[in-house]
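A.B. asks: prediction below, plus the sequence it came from.
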Amino acid sequence: MPTKPAQGRRHWLVKSEPDVFSFDDLLKRPDKTTHWDGVRNYQARNTMRDDMKKGDLVFFYHSSADPTEIAGVAEVVRDGYPDPTALDPKDPHFDPKSKADAPSWYMVDIKAVEKLKRPISLAELRTMKGLEKMTLLQKGSRLSIQPVTEAEWKIVYAAGMKG
DNA sequence: GCCAACGTTGGC
DNA sequence: GCCAACGTTGGC
(Lines give C-alpha, C1' and ligand atoms only; values in the text may rest on other atoms or scores of the structure.)
Protein backbone atom coordinates (compact mmCIF):
# COMPACT_ATOMS: atom_id res chain seq x y z
CA MET A 1 0.00 0.00 0.00
CA PRO A 2 1.54 3.30 -1.05
CA THR A 3 2.11 5.89 1.60
CA LYS A 4 -0.33 8.76 1.53
CA PRO A 5 1.15 11.86 -0.09
CA ALA A 6 2.35 14.39 2.48
CA GLN A 7 -0.25 16.90 1.29
CA GLY A 8 -3.23 14.85 2.40
CA ARG A 9 -1.92 13.97 5.82
CA ARG A 10 -3.42 15.33 8.97
CA HIS A 11 -1.52 15.48 12.22
CA TRP A 12 -2.37 14.32 15.73
CA LEU A 13 -0.96 13.88 19.17
CA VAL A 14 -1.65 10.93 21.43
CA LYS A 15 -0.78 10.69 25.11
CA SER A 16 0.52 7.63 26.87
CA GLU A 17 2.03 7.08 30.27
CA PRO A 18 5.46 5.63 29.55
CA ASP A 19 5.30 3.48 32.69
CA VAL A 20 2.37 1.75 31.01
CA PHE A 21 3.31 1.99 27.32
CA SER A 22 6.21 4.07 26.03
CA PHE A 23 7.37 4.96 22.55
CA ASP A 24 10.21 2.45 23.01
CA ASP A 25 7.57 -0.17 23.81
CA LEU A 26 5.90 0.67 20.50
CA LEU A 27 9.23 0.28 18.68
CA LYS A 28 9.58 -3.19 20.19
CA ARG A 29 6.13 -4.39 19.09
CA PRO A 30 5.84 -6.74 16.14
CA ASP A 31 5.86 -4.50 13.05
CA LYS A 32 6.22 -1.56 15.52
CA THR A 33 2.42 -1.47 15.56
CA THR A 34 -0.27 -1.48 18.23
CA HIS A 35 -4.03 -1.03 18.66
CA TRP A 36 -4.77 2.26 20.39
CA ASP A 37 -7.43 0.64 22.54
CA GLY A 38 -8.99 1.52 25.85
CA VAL A 39 -9.82 5.15 25.06
CA ARG A 40 -13.08 6.02 26.87
CA ASN A 41 -13.66 9.64 26.08
CA TYR A 42 -16.24 10.66 23.51
CA GLN A 43 -14.27 13.43 21.89
CA ALA A 44 -11.22 11.20 21.47
CA ARG A 45 -13.51 8.44 20.24
CA ASN A 46 -14.98 10.72 17.61
CA THR A 47 -11.52 11.67 16.44
CA MET A 48 -10.47 8.06 16.02
CA ARG A 49 -13.75 6.98 14.45
CA ASP A 50 -14.18 9.88 12.06
CA ASP A 51 -10.99 11.80 11.50
CA MET A 52 -7.83 9.73 11.88
CA LYS A 53 -6.97 8.13 8.57
CA LYS A 54 -4.31 5.79 7.36
CA GLY A 55 -1.16 7.77 6.61
CA ASP A 56 -1.82 10.52 9.14
CA LEU A 57 1.14 11.34 11.38
CA VAL A 58 1.04 11.24 15.15
CA PHE A 59 3.22 12.68 17.87
CA PHE A 60 3.65 10.19 20.71
CA TYR A 61 3.56 12.12 23.98
CA HIS A 62 4.65 10.81 27.36
CA SER A 63 2.29 12.03 30.08
CA SER A 64 2.70 11.60 33.83
CA ALA A 65 6.42 11.25 33.25
CA ASP A 66 9.58 13.09 34.22
CA PRO A 67 9.85 15.00 32.08
CA THR A 68 6.62 14.95 30.14
CA GLU A 69 7.65 15.10 26.51
CA ILE A 70 7.00 14.28 22.88
CA ALA A 71 9.11 11.19 22.32
CA GLY A 72 8.52 10.08 18.77
CA VAL A 73 6.54 10.01 15.57
CA ALA A 74 4.02 7.34 14.63
CA GLU A 75 1.71 6.80 11.68
CA VAL A 76 -1.91 5.74 11.52
CA VAL A 77 -1.91 2.39 9.69
CA ARG A 78 -5.60 1.51 10.08
CA ASP A 79 -8.66 3.78 10.13
CA GLY A 80 -10.98 3.71 13.13
CA TYR A 81 -12.75 0.43 13.95
CA PRO A 82 -14.59 -0.92 17.00
CA ASP A 83 -12.51 -1.46 20.14
CA PRO A 84 -13.12 -5.07 21.23
CA THR A 85 -11.89 -4.46 24.79
CA ALA A 86 -15.18 -2.63 25.46
CA LEU A 87 -17.05 -5.93 24.98
CA ASP A 88 -14.79 -8.11 27.12
CA PRO A 89 -16.03 -8.35 30.73
CA LYS A 90 -12.57 -9.39 31.85
CA ASP A 91 -10.93 -6.33 30.35
CA PRO A 92 -10.31 -3.32 32.60
CA HIS A 93 -11.81 -1.11 29.88
CA PHE A 94 -15.00 -3.17 29.64
CA ASP A 95 -18.08 -1.03 29.10
CA PRO A 96 -21.37 -2.83 29.88
CA LYS A 97 -23.28 -0.26 27.84
CA SER A 98 -21.40 -1.06 24.66
CA LYS A 99 -22.95 -3.60 22.29
CA ALA A 100 -21.33 -5.61 19.52
CA ASP A 101 -23.92 -4.45 16.98
CA ALA A 102 -23.67 -0.82 18.12
CA PRO A 103 -20.12 -0.27 19.31
CA SER A 104 -19.58 2.70 21.60
CA TRP A 105 -15.83 2.79 21.36
CA TYR A 106 -13.33 2.86 18.55
CA MET A 107 -9.60 2.54 18.10
CA VAL A 108 -7.01 2.98 15.37
CA ASP A 109 -3.76 1.14 14.75
CA ILE A 110 -0.56 3.12 14.92
CA LYS A 111 2.96 2.23 13.88
CA ALA A 112 6.20 3.80 15.09
CA VAL A 113 7.95 5.81 12.36
CA GLU A 114 10.92 7.33 14.14
CA LYS A 115 12.11 8.40 17.52
CA LEU A 116 12.90 12.08 17.87
CA LYS A 117 16.64 12.66 18.00
CA ARG A 118 15.90 14.92 20.91
CA PRO A 119 12.61 14.59 22.79
CA ILE A 120 10.80 17.89 23.21
CA SER A 121 9.54 18.44 26.73
CA LEU A 122 6.32 20.15 27.64
CA ALA A 123 8.36 22.90 29.30
CA GLU A 124 10.25 23.52 26.07
CA LEU A 125 7.07 23.44 23.97
CA ARG A 126 5.75 26.24 26.15
CA THR A 127 8.71 28.41 25.19
CA MET A 128 8.54 27.83 21.43
CA LYS A 129 7.23 30.46 19.03
CA GLY A 130 4.21 29.46 17.01
CA LEU A 131 2.82 26.90 19.47
CA GLU A 132 0.80 29.31 21.57
CA LYS A 133 -2.49 27.82 20.36
CA MET A 134 -1.42 24.18 20.43
CA THR A 135 -4.14 22.11 22.11
CA LEU A 136 -1.63 20.37 24.40
CA LEU A 137 -0.58 23.71 25.86
CA GLN A 138 -4.04 25.02 26.64
CA LYS A 139 -4.96 25.29 30.29
CA GLY A 140 -6.90 22.29 31.48
CA SER A 141 -6.33 20.37 28.26
CA ARG A 142 -6.81 16.71 29.09
CA LEU A 143 -7.70 15.29 25.72
CA SER A 144 -5.75 12.09 25.16
CA ILE A 145 -6.04 12.36 21.39
CA GLN A 146 -5.85 15.81 19.89
CA PRO A 147 -5.26 17.60 16.60
CA VAL A 148 -1.97 19.26 15.71
CA THR A 149 -1.88 21.84 12.93
CA GLU A 150 0.57 21.43 10.10
CA ALA A 151 2.41 24.57 11.21
CA GLU A 152 2.71 23.25 14.76
CA TRP A 153 3.84 19.91 13.47
CA LYS A 154 6.65 21.41 11.41
CA ILE A 155 7.94 23.52 14.29
CA VAL A 156 8.05 20.64 16.76
CA TYR A 157 9.36 18.10 14.26
CA ALA A 158 12.19 20.38 13.15
CA ALA A 159 13.24 20.94 16.76
CA GLY A 160 13.07 17.24 17.55
CA MET A 161 15.14 16.23 14.55
CA LYS A 162 17.82 18.88 14.87
CA GLY A 163 19.58 16.61 17.37
C1' DG B 1 0.62 13.75 47.13
C1' DC B 2 -2.00 17.75 45.88
C1' DC B 3 -5.40 19.73 43.44
C1' DA B 4 -7.41 22.27 39.29
C1' DA B 5 -9.88 21.22 35.41
C1' DC B 6 -12.76 18.48 33.12
C1' DG B 7 -16.19 14.65 31.90
C1' DT B 8 -19.85 11.69 33.44
C1' DT B 9 -23.62 10.22 36.31
C1' DG B 10 -27.84 10.43 38.49
C1' DG B 11 -31.40 12.63 41.49
C1' DC B 12 -34.84 15.73 41.04
C1' DG C 1 -32.81 19.81 31.55
C1' DC C 2 -30.25 21.34 35.59
C1' DC C 3 -26.56 20.78 38.43
C1' DA C 4 -24.23 18.66 42.51
C1' DA C 5 -21.46 14.88 43.38
C1' DC C 6 -18.17 12.01 41.94
C1' DG C 7 -14.26 10.05 39.30
C1' DT C 8 -10.32 10.84 36.33
C1' DT C 9 -6.49 13.23 34.21
C1' DG C 10 -2.21 14.93 34.50
C1' DG C 11 1.03 18.83 35.63
C1' DC C 12 3.49 20.29 39.36
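C.D. replies: Now that the structure is in, tell me what you want to look at.
A.B. asks: buried set for the least confident helix or strand in chain A by mean pLDDT?
C.D. replies: Lowest by mean pLDDT, DSSP states H and E among the helices and strands of chain A is helix A:42-46, with a mean of 94. Under the neighbour-count criterion of 16 or more other Cβ atoms under 10 Å, helix A:42-46 has A:44-45 buried. No exception for glycine: its C-beta is placed from N, CA and C like everyone else's.
A.B. asks: can you tell if stretch A:46-63 touches DNA strand B?
C.D. replies: No - for stretch A:46-63, no contact with DNA strand B is found by Cβ under 7 Å from any atom of the strand; the gap never falls below 10.2 Å.
A.B. asks: now that stretch: how far from the chain's centre is it?
C.D. replies: In terms of Cα atoms, centre = their mean, to the nearest Å, the centre of stretch A:46-63 is found 5 Å from the chain centre.
A.B. asks: need the residues of chain A near DNA strand B, please.
C.D. replies: Contact residues, chain A versus DNA strand B (Cβ under 7 Å from any atom of the strand): A:41-43, A:97, A:139-142.
A.B. asks: nearest to residue A:9 among the residues you listed?
C.D. replies: Among these, residue A:43 lies closest to residue A:9 (Cβ to Cβ), at 21.2 Å.
A.B. asks: in this structure the closest one contacts residue A:143, no?
C.D. replies: Yes - Residue A:43 is within contact range of residue A:143, at 6.2 Å (criterion: Cβ atoms under 8 Å).
A.B. asks: what pLDDT is listed against residue A:3?
C.D. replies: Looking at residue A:3, its pLDDT is 60.
A.B. asks: so where do the helices sit in chain A?
C.D. replies: Using DSSP state H, the helices of chain A run over A:23-28, A:42-46, A:122-125, A:150-161.
A.B. asks: in JSON lines: these, plus distance to DNA strand C.
C.D. replies: Output for the helices of chain A, formatted as JSON lines (distance: least, Cβ to the nearest atom of the strand, whole Å):
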{"stretch": "helix A:23-28", "distance to DNA strand C": "15"}
{"stretch": "helix A:42-46", "distance to DNA strand C": "9"}
{"stretch": "helix A:122-125", "distance to DNA strand C": "5"}
{"stretch": "helix A:150-161", "distance to DNA strand C": "15"}
